[in-house]
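Peer 1: Sequence and predicted model, in that order:
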Amino acid sequence: MNMHKIIKKAIIVGVAATIGFGTFALEGTNTAQAATATSVGQKIINYGENYMGTPYKFGASTSTTRNFDCSSFMKHIFQKYGVDLPRTSVAQSKVGHAVSKSNLKKGDLVFFSSGSRATGRNITHVAVYVGGGKILHTYGGPGVTYSDLNSGNWKRTYIKARRVL
């Protein structure tokens, strides 16, 4: 093979490799962004777990971690990672963007019409989706706890979900 053909093949291989690696690098960027959102969601969940069993108190102040209501708990754990949520579950249900129940990811906010103020259509409760059909939230006697999104009261009273990460 003469030198001209060798150089030509080297250029072709180099261009092909550059295009291939460029495509890989671009795809890697989208994957990295998705992984970052997931990892922030996981960090929020992990931080929230530190409060397991913390008592529930309706209307709890956002300046304390001795007790929480559902929306003050969400506000507190998300704020740790730079997401400033509004104070109430109704206001929180209007931020971010809508996500279907079948497309939930760790860190998504899920909303319910549950409890004594529920009509079946109004938002009265908020939780964070943790994966595997589970939510982390606070209510009543157990305080901060995990619940199954797809059974019992939470399945019956589910309204919608929002992605804020």
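Peer 2: Happy to help now that I have it.

Peer 1: and the residue sitting nearest the centre point of the chain, what does it touch?
Peer 2: The geometric centre of the chain, computed from its C-alpha atoms, lies nearest to residue 107 (Cα atoms, centre = their mean), at 1.5 Å. Contact analysis of residue 107 by Cβ atoms under 8 Å, 6 or more residues apart in numbering lists 37-38, 40-42, 44-45, 128-129, 163-165. Any C-beta I mention is one placed from the backbone N, CA and C, and that applies to glycine too.

Peer 1: Same check on residue 121?
Peer 2: 113, 159.

Peer 1: worst-scoring helix or strand of the protein, pLDDT-wise?
Peer 2: helix 3-49 (a mean of 60; mean pLDDT, DSSP states H and E).

Peer 1: can you list the residues that contact the following helix or strand past it?
Peer 2: Once the chain leaves helix 3-49, the next helix or strand it forms, by DSSP states H and E, is helix 70-79. With Cβ under 8 Å, 6+ apart as the test, helix 70-79 has contacts from 44, 47-48, 51, 56, 60-62, 65, 68, 84-89, 91-92, 109, 125-128, 137-139, 144, 164.

Peer 1: just the buried members of those?
Peer 2: Taking 16 or more other Cβ atoms under 10 Å as the criterion, what is buried in those is 44, 48, 51, 56, 60, 68, 85, 88-89, 92, 109, 125-128, 137-139, 144, 164.

Peer 1: which regions of the protein sit below the pLDDT cut-off?
Peer 2: By pLDDT under 70, the weakly predicted segments of the chain are 1-38.

Peer 1: Kindly recompute the last result at 90.
Peer 2: 1-38, 115-121 (pLDDT under 90).

Peer 1: what about residue 124, neighbour count?
Peer 2: Applying other Cβ atoms under 10 Å, we find 20 residues neighbouring residue 124.

Peer 1: What does it show for phi and psi?
Peer 2: Main-chain torsions, residue 124, degrees, to the nearest 10: phi -130, psi 0.

Peer 1: Quick one: residues contacting it.
Peer 2: Counting by Cβ under 8 Å, 6+ apart, residue 124 has contacts 89, 112-115, 117-118.

Peer 1: ok, back up a step: do you know how far the residue nearest to the centre of the chain is from residue 141?
Peer 2: 26 Å (Cβ to Cβ, to the nearest Å).
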